[in-house]
Structures are given as structure tokens and as C-alpha cells.
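K.L.:
return atomic coordinates for the entry below.
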Amino acid sequence: MVFASPGEALARAQEVLGTDPSPLHASVAHQVIGIWQRDFGDLRLALHHLRRARDLAARAGSAEREADVLAALGVALIHSGRTRQGLAALERGVVRATGHMRAKVLFRRAYARWVLGHHRECLEDLRRAAPVLRQAGDVIYHARALTLRATVHLALGALERADADFAAAEEMWDTTDQEHDKADVVESRALAAFRAGDIPASLRLFDQAAQRYAPLDTPTFMLSIRRCEVLMAAGLAPEALNEADTAITALDRLGGQSTRKAELLLAAARAARLAGDPYTAIARADAAVRLFSGQRRGWWEAHARLVLIEARVASGRGSGRLMADAAAVAERLRAFGAPSAPEAWLLAGRIALGLGWQTDADGHLERAARSRRTGPPLARMTGWAAQALRARAAGSARGVLQACRSGLAVLDDHRTTLGASELRARATAQGAELAALAQQACLEAGGPRRLLVWSERWRATLLSAPPTRPPDDPELLGRLAAFRYVAARAEEARFDGRPLPALEREQRRLEREIRSHTLHLRGTAAGDDQDRFDPARLLRHLGATRLVELAVVDGRVHVLLCGQGRVRRFAAGRLAEAEAEAEHVQSGLRRLAHPGAEGRIAVLEASGQRLQELLLGDAVRHLGSGPVVVVPPGALHQVTWALLPALRERVLTVSPSAGSWLRALRTPAPPHGRHVLVRGPGLATGGAEVPDAADRYGEPVVLEREGASVEGVLGALDGAALAHLAAHGTFRADSPLFSSLRMADGPLIVHDFERLDRSPYRIILSSCDTARLASVGADELLGLVTALLPLGTAGVVASSAPVNDAAVVPLMLALHKGLGAGLSLAEALRDARAALPGDAVHQGPGWAFSAFGAA
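P.N.:
This is a model prediction of the structure:
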């Protein structure tokens, strides 16, 4: 009953103890309380009650009762870190029991051995127990045995065996009222889905398991440990670290199992390392190693030592001792049959390369590279990374490129299973090293055209296919509507100077639910050969246009100038210097949004000159006189390109990748598309450009006041030829897909745009910060602009900085004048800039707005 209705079982056991029971019945009651405290409460209280239950069973003279309690006590002792005592108690239980009871004790010893990482011994106990449990008709313990066996198979990489056992166990659980066990098997299936490479299904099943656990009101530390592993694989390491640390705090408050605390510390260490915080990773991993060692859990200790060595290397350490430690850990993991052994060999190989020990490095990398042909996607990626490093050490550029090509193909297949934009973007981080190795090889031994191909290979891949469109799910739509209502109320409260923490907490809760829902989406778009980047195709379509792609190799910017039928490379400045200068420009533009900043113009123009030297170098003398398309890496997305002297008076377009520019060029305009103009609330000018701009079009759709609701605006935007949205923009660096435009009934967010069948062919976002983007993954960008481009939008005009609302109006009117004359967005924006007054307030918007795409 403890795992069917935990609270009721505890209450009834306490009632029994209040009735002066016999030793036999008192033993049962104390055991129930002990199991409850062991799994859901204070481990010290659990040991007290289980020892009392053992003594009462002995007094009652029941060997079966004593064996049952010894098994529960043995598991509790192991969870408390007293491994020898726990195994001894379990051994006594096996000796005391017979028949069916012995099988139940063997199952619990198998569970204890799984906790300790003794997988082969665990499987042996299950082999002995399962037939007896089946023959006795013990559905509950037989189902538990199958669930445990499946979990061990997962740990050893035997996915098909795990699936078969989970399926059989789930059929059995459906015939019982064991609600906790039912939730546990859903949780285990989530882990199995992850091991099979299906992250969306895994996250969905984890959420289902959490919903099943919720009515039981019991802690879910194992769920947190497993979910952290999936979050890390999905590129969400900061979230995993937060979840692990939160669970550790809760466990300490309860006085819970030290075994679970060690596992949570290991999860936190892994997450901190992936989040770029090696010192936190070292602290968590060191604590985990000490706990695992004290608990005599060698399998787990080896994994914690691997993370500890990785974190030390990430903090800048490297020595022969660390290499030897990594190799020793790899050998231990191999002996345990752990799938992570190749990671340790790869780490040992990296350290050896850093020390210049080529022979040692080749031996370690060769062993790591054996995993490149089989296993889950991330394990094969490890193998291909090792193979690429071996080839580089051997001086084989061809071998490097072949290994990188194969490794990224594995990751491509993995990414197509992901439907959510955020997951697809973050997953690219796992291929960043391979992409960088390939670019280094091209720089050393290939021509500019090959470097261009590899620069494109792993850049803005998010835009190569639209995200999976969320289904018309009433639950998701309801959450979006609730989010808009709460967010609008919270903003009103802040505007009135009376922020309401309760509303802000509810907004954050709804954001988490919406995000969780979208992460469950499975990808449907496979790669298209037509979309594979081909430099020859690009050069054919450029005509008089020059395309400038900036590649960063070892921290230095390389300019790939495409045009006139060829690709040329020019070395430019250091990336770090360009990023710092771009940040100074952003600060200066913010000042231009307010009167009295005339003195800042000269400062900004000097920064523009400096950026041009850092980012274009000698290529600036070969740009010709025609239009220019700039393709910056994600790290340079905030550069104000119109400020660079050589680009200031040109027809200038910015694109996340050359491939996305080509796709935008091929995007057909809707033959009879609508012109939609929207005025959101709260603008200083009231969206003054909208009425005049509307007069330039035949029968435009104009939405304002209450008509500018989110659903009304989405309905008008779907399939439109041109949309102009005059609405306050908010960029969310912490959660870029909740970046928004303020409508009458609340925020219009990126998740809303992803519900469109086709976004407008051209779209103008005339407010602040609408072109700001978050750089994630390897070289991906998330925000309003990049959400629109793969949905059918061929061109966007948006601002990367705060702008003066009144100064934007003449810029927008001149822009629409140019569009009415048949110009493209980039051509119309160039002419609109030239028509602006020369004062600082008007120059700011001229520089801040950019044209994206190719319309």
C-alpha cells in the first residue's frame, strides 16, 4: 500500500501502533513507516523504524517476517551510505527466507546492487527471482523485477531488451492500483526514449510521470536526476543545474537518501560543466566522488571522476597525471560495460594532444573512435570527434573533413527528431567542435570556396526548415490565452508603479508550461538535397551583388567575399575586439534615442570606422558599387552594419547565412496577398505612420485599439504580402522565444508566430529591439526575426536597438514610399535613411534599422 496510496498507508500504520498490537503486527506497521520514510522522508527515522521492525519480527518468531524486514532495512542502509551493513542485512534476509519470500528478498538485493552499480550481480539476482515471482502469481513484485531489469539494460546500452521488459511490466501495472509504481514505469520509459535518441518523447513522458506523481505528494528525486540528463542533452544545461541544485536543497531539508544526493551532485556537476562553469562543476563532482567512494559505488564513482577530470581540464589544467587519471577512468568504465567509456578515452586523448604526446594521444583517440559506428547519436558523435582529432594530429586534412562530415551527418539525423526551435538550435552546440575542426582544416589546406562551404555547414541551420507547427491543441491555446491575460495585467501593474509579485510568478509559471509543451513536439522536416549549400548556385544568383560571409577560426575573423563568379578570403581582426566595439555602439545608440546627444554622432562614426577595420579588413576595397549582403556569425548579430562607412549608403541586407538568403530569394510573393497595418497600444506617437502608410495601398487591413488583438492580428498576418506592426517590442534574453510585440490583449510572442501557416512575405517591425537576437548552440540565433524567416517571410525590417518613437515615423513613411515605387525592403530603407534629417535623434533610427532576407 506504501506505493499505491503512500499517505493512507502511513496513517494506517500509525493507527495500528496506537492499538497496542502484537509484535508481528507492530513489526509490519514499523516496516511500513520505515519504507515510507526511506523513500519519501527522513532516512534516519527510516532506520529507526526498520530496526524496530526487525527486532519485533524476531520476537514474533517469524523467519519470513524477519527476512522481509531485513530486505527493507538493507536497502535503507545502502541509501544511507552504509554499504557493507546493507549488503550484510540483505544476505541474512536471503538466508532466512524461502520460496516466494526469498524471491522478493532477491529482488530487493538486486535493486540494491543496481543502486551500487553492480549491474551483472543485479541481473543474476533478477534471473533467480523473476521465475519464482511469476509462478507465485505475484504481479506487483514480478512487474517491479521486469522494470528494474529494463533499467539495468538501459544502463548497459541494451535498448531492445529494455523496451521488451518495460512493455511487459506496463501491461502488469495496468492490472494493479500501484500508482507510484505506474508513475515509475512512465519515468523509466522516458529514460528509454532518451537513450533511443528521442528527446521530445522523453520530455513528454517525464512530464506525464510528474503528473502521476503529483497526487501522491511524494518527492521525485530520481525523476529530477533523469530529467537533468535529458535537459543537458537538449542543450539546456543551466536549467538542469538549477533543477539538480533545487532537488539537493529539498533532499537535505528532508534528511533523505545520501545515495540520491550523490547522484544529484553528479548531475549538477555535469550541468555546470556544460554551462561553462568549471569551478562549480569541480566542487559538485568532488563532493559526488567522496560520497560514491564512501558508499562503495564504483560504477558511479568512475562517472563522477570522469566529470571531475573534464571540469579540471575546462578550468585550464592539463598534466600527465590528469591524462593518466582519464585513461584509468576509461578502463574502469570499460570494465563496468558503461557506454560512457569512449568519452573518457576522448578526454585522455585531448589532454595528451595538449601536452604534445602524440603516441599516447593516438592510442587513446583510437579507442574512443571505435564508438563512431554504433550506439546512440551522441556516442557516435564522440567517436567521430576522436577520429577527426586523430586525423588532424596525423596531418590529414582530408581525414579531418571526412570525420567531421560523418559526425555532423549523425547530428543532422538527431536534430530532425526535434520539433521545437529552441531544441533544434541548442542541439547544434554538440557539433560545434567538429565544425570548428573542419574550418581549421580548410584554412590550413583548402581554398576559400571550401571554407565557405564549411562555414555554412553549421550556421543558422535552424532556418533551413520551419519548426514543427504546434497542433491546434486546446490545452496549449488555453495556456497562451492565460499567459497573455496575466502578462498584460502584470505590465499594467508595473506601469502604474504597483508591481504584483503574484502576477509575475503566475506569468513565469505559464511560460514554463508553454515552453514545456512546445519541447514535446517531434520534428517532421527531414533534410532536403535542394537546400544543401552550393557555392556555384550562390555565385550564379548574386549578379552585381557582393555577399560578405564572416567566418571565425581560432578567434580571428576571416572575410569570404563572394561575387563575380569567385570566392576570395581576407583576414580581418580579432572577434573579441569586434564584440566589444559593437557593444559600445549599442550603448551609443541608446543615448541617441534621447535629445541632447549630438556629441555622440562623431563617437559612433569613429566606432563604425573601427568596426569596418576589424570586420571587413582589406575586403572593403573589393566590394564594388552594388548591393551588399552581410552574413555575420551569431556572435556578431548585434553589429550596426549601416554604421560602417563602406556600407552606409549602400543597398544593404543582413542574413543569418548565405543559404537562408538564397531560400529567401526563392520564396515567391503571394499573388494576391493582403497589406496589413497594425497599431498596438501605448506608443508615444500612437503609431502615427500607420494612417499615412495605409493610404499608399488599395484596401489595406488596418487593426488598432481592440481590433489589434493577438488572434485578430495572427489571422490577418497569415499569408499577407506585407505587414507593418507598430507595437512595443520586448526582447527576452533569458527566454528569446518569449520576445514579444505588445497587442491590445497582451503580448504576441514567437510561439504565436510559429502557429502561422505562412508568415507575411514582407514584414516591418517599427519599434525598439525587434531585431535583437539570442545566440545559442553553435551558431544559431533565436528571436522574432529568425522565427519569421523559415515560416515564409522573405524580408524583414527591424531595429537592433532602442529608438526614438517620433523619429521613427518619417523613416517608416519614407520606407513605404519606396515600397510603393516598387523597391525592395533594402533599397527602400537605403533611400529612407538618406532622406532623414541629420540630427542625432533621427540618425539613430537610420542606423538601428536593418533589412533582413532578400525581399
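K.L.:
okay, CA-based contacts and neighbour counts for the rest of this
P.N.:
Fine.
K.L.:
so where do the helices sit in the stretch 451-600 of the chain?
P.N.:
Assigned by DSSP state H, counting those that start in this stretch, the stretch 451-600 of the chain shows helices spanning 474-495, 501-519, 535-542, 575-592, 600-615.
K.L.:
ditto for the stretch 301-450 of the chain
P.N.:
320-336, 341-355, 358-369, 377-393, 397-415, 421-427, 432-445, 448-457.
K.L.:
same list (these) but as JSON lines, adding mean pLDDT, distance to residue 782 and mean neighbour count.
P.N.:
Formatted as JSON lines, the entries for the helices of the stretch 301-450 of the chain read as follows, by pLDDT from 0 to 100; distance: least, Cα to Cα, whole Å; neighbours: other Cα atoms under 10 Å:
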{"stretch": "helix 320-336", "mean pLDDT": "94", "distance to residue 782": "37", "mean neighbour count": "19"}
{"stretch": "helix 341-355", "mean pLDDT": "94", "distance to residue 782": "30", "mean neighbour count": "25"}
{"stretch": "helix 358-369", "mean pLDDT": "94", "distance to residue 782": "33", "mean neighbour count": "22"}
{"stretch": "helix 377-393", "mean pLDDT": "90", "distance to residue 782": "24", "mean neighbour count": "25"}
{"stretch": "helix 397-415", "mean pLDDT": "87", "distance to residue 782": "16", "mean neighbour count": "21"}
{"stretch": "helix 421-427", "mean pLDDT": "65", "distance to residue 782": "8", "mean neighbour count": "25"}
{"stretch": "helix 432-445", "mean pLDDT": "89", "distance to residue 782": "17", "mean neighbour count": "21"}
{"stretch": "helix 448-457", "mean pLDDT": "91", "distance to residue 782": "17", "mean neighbour count": "22"}
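K.L.:
rebuild these as JSON lines, extending it with distance to residue 502.
P.N.:
What follows is the helices of the stretch 301-450 of the chain, written out as JSON lines (distance: least, Cα to Cα, whole Å):
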{"stretch": "helix 320-336", "distance to residue 502": "48"}
{"stretch": "helix 341-355", "distance to residue 502": "45"}
{"stretch": "helix 358-369", "distance to residue 502": "51"}
{"stretch": "helix 377-393", "distance to residue 502": "41"}
{"stretch": "helix 397-415", "distance to residue 502": "38"}
{"stretch": "helix 421-427", "distance to residue 502": "28"}
{"stretch": "helix 432-445", "distance to residue 502": "41"}
{"stretch": "helix 448-457", "distance to residue 502": "46"}
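K.L.:
which of those helices sits closest to residue 476?
P.N.:
For the helices of the stretch 301-450 of the chain, proximity to residue 476 was assessed by Cα to Cα; helix 421-427 is nearest, at 16.4 Å.
K.L.:
looking at the helices of the stretch 301-450 of the chain, which is nearest to residue 648?
P.N.:
With Cα to Cα as the measure, helix 448-457 is the member of the helices of the stretch 301-450 of the chain nearest residue 648 (25.4 Å).
K.L.:
what separates the closest one from the chain centre, distance-wise?
P.N.:
Its chain's C-alpha centre lies 26 Å from the corresponding centre of helix 448-457 when counted by Cα atoms, centre = their mean, to the nearest Å.
K.L.:
remind me what it packs against, helices and strands.
P.N.:
Counting contacts by 3 or more Cα pairs under 8 Å, 6 or more residues apart in numbering; DSSP states H and E, the secondary-structure elements packed against helix 448-457 are helix 432-445, helix 535-542, strand 546-553, strand 566-574.
K.L.:
what do you get if the cut-off is 10 Å, keeping everything else the same?
P.N.:
With contacts defined as 3 or more Cα pairs under 10 Å, 6 or more residues apart in numbering; DSSP states H and E, the packing partners of helix 448-457 are helix 397-415, helix 432-445, helix 535-542, strand 546-553, strand 556-563, strand 566-574, helix 658-666.
K.L.:
if we can go back for a sec, what's the closest of the helices of the stretch 301-450 of the chain to residue 115?
P.N.:
Nearest to residue 115, of the helices of the stretch 301-450 of the chain and by Cα to Cα, is helix 320-336 at 13.8 Å.
K.L.:
could you give the angle of that closest one to helix 358-369?
P.N.:
Using axes from the mean of the first three to the mean of the last three Cα atoms, to 10 degrees, the direction of helix 320-336 lies 30 degrees away from that of helix 358-369.
K.L.:
got the angle between helix 320-336 and helix 341-355?
P.N.:
Angle, helix 320-336 to helix 341-355, by the same axes, to 10 degrees: 160 degrees.
K.L.:
redo the helices of the stretch 451-600 of the chain as JSON lines? Include mean neighbour count, distance to residue 185 and mean pLDDT.
P.N.:
Converted to JSON lines, those look like this (neighbours: other Cα atoms under 10 Å; distance: least, Cα to Cα, whole Å; pLDDT from 0 to 100):
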{"stretch": "helix 474-495", "mean neighbour count": "17", "distance to residue 185": "25", "mean pLDDT": "79"}
{"stretch": "helix 501-519", "mean neighbour count": "17", "distance to residue 185": "21", "mean pLDDT": "80"}
{"stretch": "helix 535-542", "mean neighbour count": "15", "distance to residue 185": "51", "mean pLDDT": "94"}
{"stretch": "helix 575-592", "mean neighbour count": "19", "distance to residue 185": "49", "mean pLDDT": "91"}
{"stretch": "helix 600-615", "mean neighbour count": "19", "distance to residue 185": "55", "mean pLDDT": "93"}
